[in-house]
Structures are given as C-alpha cells and as structure tokens.
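1. Fold the stuff below for me.
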Amino acid sequence: MTNKQGKDETHTGEPTWTPTLEFARHLAKELAGVATVQVDDIEGGITVGVTPRNPNTRAFGWTDFSSEIVMAIGDHGGRWELGAGPEDVALLQDIARSVIAGRVREVFAPGRSAVSVTLADGSVETEIGGEAPIGCLPLPFWRRWSRTIHYGPYG
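-> Sure thing, here's the model as predicted:
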C-alpha cells in the first residue's frame, strides 16, 4: 500500500478506518459470550461477520468500503446496499440491533428468500433475493405458502 506521497506504508494489521468500525468494535465487546464478531481488513475497507452461538438466532454481516456499505442477513435475501452517510450508518445499526433482539423473520422458497427486520420504531425493512437460475423462475405467492422462520434474540 502506498501513501499520498507515493511511499510504501507498512501494514499495521489494524483495520482501515470506516464509518462502521467503531460500531463493530462495540458489538464485539457487547456480544462477548453470545456471539463472535469477526472484523477483517480488506482493500478499501472492512468486512464484519457476527455469528451467534445460539442456533435459533440469525447471523449477519456487512462490508464497509468507506463510501458504500453492503449489509447481508439470510440465505439469499436480506441484502441492503447503503451509502456511508450518518443516516445509512444509523439504519445499519438499527437493523443489527433488531437482529440481535430477535426481530427478524425469513421466508424461504427454492432459490430465494425474503428477510424482514422489525426496527425499534416498529417499521419493517424487507429485502428479497435469489440465486440464478432457480431463484429467477416465477413462483406465484411464494411468500404466503413457503417455510417461515422467526429467529430468536441473541441473549
């Protein structure tokens, strides 16, 4: 890696500063004993993975590129593409806290899933995603007849 003057910088092993780095560090302390919070330095940012010990809860994570944040929850759905402004970081934190509190549900169908997170204010954020090719095939009303899981709280 080179600095602005074109000189090589030594890698310190410390993650690059990003808008969500302090939140990830805070979660690591807060969730000690109930979940593992892994923060990895990548070129241009960090990746964060939160893996709970309780199998009845949902893991989540995000990649923070300093100017763009991608949060993922679920098998295929549950992918939020955010900016890096204060409102986007606040939404990421609210979604993360809601998953930790067990306010998340996922609906599964072949090659697709829909993840719904109930935020602290009662509003619901839902993202749907699928994998090709099966997730691209039409399945009318799949969210009504498919298997649904309501995940529990971490603590």
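2. okay, CA-based contacts and neighbour counts for the rest of this
-> OK.
3. count of residues packed around residue 140?
-> Residue 140 has 8 neighbours, counted by other Cα atoms under 10 Å.
4. name the element it belongs to?
-> Of the helices and strands defined by DSSP states H and E, none includes residue 140.
5. Now do it against residue 109, distance only.
-> Residue 140 sits at a distance of 11 Å from residue 109 (criterion: Cα to Cα, to the nearest Å).
6. Please apply the same query to residue 100.
-> Remark: distance between residue 100 and residue 109 (Cα to Cα) = 24 Å.
7. Neighbour count for those two, which is higher?
-> For residue 100 versus residue 109, neighbours defined as other Cα under 10 Å are more numerous around residue 100 (23 against 18).
8. So what touches the lengthiest helix in the chain?
-> Longest helix of the chain, by residue count under DSSP state H: helix 86-100. Contacts to helix 86-100, defined as Cα atoms under 8 Å, 6 or more residues apart in numbering, come from residues 19-20, 23, 57-58, 60, 71, 82, 104, 117-120, 153-155.
9. now do stretch 42-54
-> 15-18, 21, 24, 34-41, 58-66, 154.
10. buried ones in it?
-> Of all the residues in stretch 42-54, those buried under the rule 16 or more other Cα atoms under 10 Å are 45, 46, 47, 48, 49, 50, 51, 52.
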